[in-house]
Every structure is written in C-alpha cells, then in structure tokens.
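1. Model the following, please.
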Amino acid sequence: MKSVIKKLQFVIVAAFLLSATTVMSNNSTLESKIEVNMADDLIGAWNYTVENVDYQYSTGVLLITKEEGKYNVQVQLSAGNIPGEDIVVKDNSITFSVYIEGQKISVSLMADGDKIKGESSSYDGNYKIEGKKVMPD
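-> Here you go, the predicted model:
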C-alpha cells in the first residue's frame with residue numbers, strides 16, 4: 001500500500017511540474033504576441049512631411065506593409081514610388097533606406113498611436129520627419 005501511495009504522490013508531483021511548465025511557456029508566447037502587435041501598429045499608410053528639403057520630397061505617403069512575416073516600405077511621392085531597403089522593425093520603431101537621385105537616405109521613425117516621427121539623414125544633413133496615420137483607422 002505504501003508503494004502505491006508513493007507512486008501516486010510521484011504522479012501528482014510530475015503532473016504539477018508539467019502543468020507549471022506549460023503555464024510558463026504560455027507566458028512567453030503571450031509576450032511574443034504583444035511584441036508583434038506593437039510592431040504591427042506601424043502597418044498602414046502615413047501622410048508625412050519633411051522639413052527643409054526640396055518641395056517635391058517634402059510631403060508624401062509612407063506605406064508600411066507586412067507580407068509573409070517580412071516588412072515592406074514604399075515612399076509614395078507625386079513623382080513616383082520609391083521602395084525602402086534594409087528594413088528593420090523593433091517594437092514601434094522602423095529604420096530603412098531609400099535612394100533618391102542616386103543618394104542613399106537613411107530613415108529612422110517611431111510610431112506613437114496615430115503619429116509617427118523621426119528623422120532622415122544623408123550627406124546633406126539630418127531632416128525631421130513627422131506624420132499621421134491615415135489607414136487603417
């Protein structure tokens with residue numbers, strides 16, 4: 001009888017430890033989902049303005065999408081669309097590069113609700129960028 005009780009105690013302890021491990025692994029999954037959701041706040045269309053640059057580049061639409069786990073950026077100007085390259089997303093910030101008239105422009109932005117701000121930098125200097133989300137609401 002004592003061996004049956006010891007085996008039963010062992011099974012109960014093992015089941016408890018197994019369930020505790022499952023609960024802990026679910027918490028890390030929840031944290032991952034929260035982190036992904038923060039980054040997904042970047043997805044959408046953003047009307048933006050850039051200070052102290054040529055008129056044709058001073059306003060436009062920044063389109064951020066995600067397909068098959070990969071982020072894409074497209075800068076839409078009146079003269080045409082420019083694809084973003086070297087895209088890195090972390091939490092609610094995004095960095096990428098675009099080439100305008102053969103010159104590499106590095107862009108670093110941070111989203112806060114329906115607003116986005118940051119700066120772009122090139123050989124000519126640094127320029128402030130501000131924008132507002134227009135899609136999705």
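2. CA atoms for contacts and neighbours, from now on please.
-> Will do.
3. For Lys115, give me its contacts.
-> Applying Cα atoms under 8 Å, 6 or more residues apart in numbering to Lys115 gives the contacts 130-133.
4. And it, how close does it get to Ser58?
-> Distance, Lys115 to Ser58, using Cα to Cα, to the nearest Å: 17 Å.
5. Next secondary structure element downstream of the helix or strand bottoming out on mean pLDDT in the chain?
-> Least confident helix or strand, the chain: helix 2-40 with a mean of 46, by mean pLDDT, DSSP states H and E. Counting by DSSP states H and E, the next helix or strand C-terminal to helix 2-40 is strand 44-50.
6. mind listing what that following strand pairs with, with the direction of each?
-> The strands beside strand 44-50 in its sheet (DSSP bridges) come out as strand 59-67 (antiparallel), strand 125-135 (antiparallel).
7. And the next helix or strand past that strand?
-> By DSSP H and E, the next helix or strand past strand 44-50 is helix 55-58.
8. thinking again about what came up before, tell me the one among the contacts of Lys115 nearest to Ile43.
-> Lys133 (9.3 Å; Cα to Cα).
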